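A.B. asks: quick one, fold the following:
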Amino acid sequence: MVSVDDVRAALTEVTDPELPIGIVDLGLVRSVAVDGEVVRVGITFTSIACPCTDVLREDVEARLRRLDGVARVEVDEVFEPWSRDDMTEDGRLALRALGVV
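C.D. replies: Predicted coordinates:
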């Protein structure tokens, strides 16, 4: 059976469609739950008008479906405000390297 840690590790490989930075490092992943073969992920976006919500959802689903023991992936949009404070230190460094912050 897949674990929450397995899911979180896999999500580190999913990058934001607009920035070459992982969604975990950006702080977009708000929750992860595993119930048998069903994985549910709550994600937020850097802006409410993010044009890449569908792409991001599809990328999360595609990556998690490759995990052994996952039959279904549910991605829930969580409308919580995002800020730079949500990012990991690696995410901040990556944005600085791009000249974004």
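A.B. asks: contacts and neighbour counts: CA atoms only from here.
C.D. replies: Fine.
A.B. asks: contacting residues around the lowest-mean-pLDDT helix or strand in the chain?
C.D. replies: The helix or strand with the lowest mean pLDDT-type score in the chain, counting by mean pLDDT, DSSP states H and E, is helix 89-98 (a mean of 91). Applying Cα atoms under 8 Å, 6 or more residues apart in numbering, the external contacts of helix 89-98 come out as 21, 22, 25, 26, 84, 101.
A.B. asks: at 10 Å what do you get?
C.D. replies: Contact with helix 89-98 is made by 19-27, 84-88, 99-101, as judged by Cα atoms under 10 Å, 6 or more residues apart in numbering.
A.B. asks: so the closest residue to residue 83 other than its chain neighbours versus residue 77, what's the distance?
C.D. replies: In space, and not counting its chain neighbours, residue 83 is closest to residue 46: 7.4 Å by Cα to Cα, 6 or more residues apart in numbering. Distance, residue 46 to residue 77, using Cα to Cα, to the nearest Å: 12 Å.
A.B. asks: that older thread, which of the contacts of helix 89-98 are buried?
C.D. replies: 21, 22, 23, 24, 25, 26, 27, 86, 87 (16 or more other Cα atoms under 10 Å).
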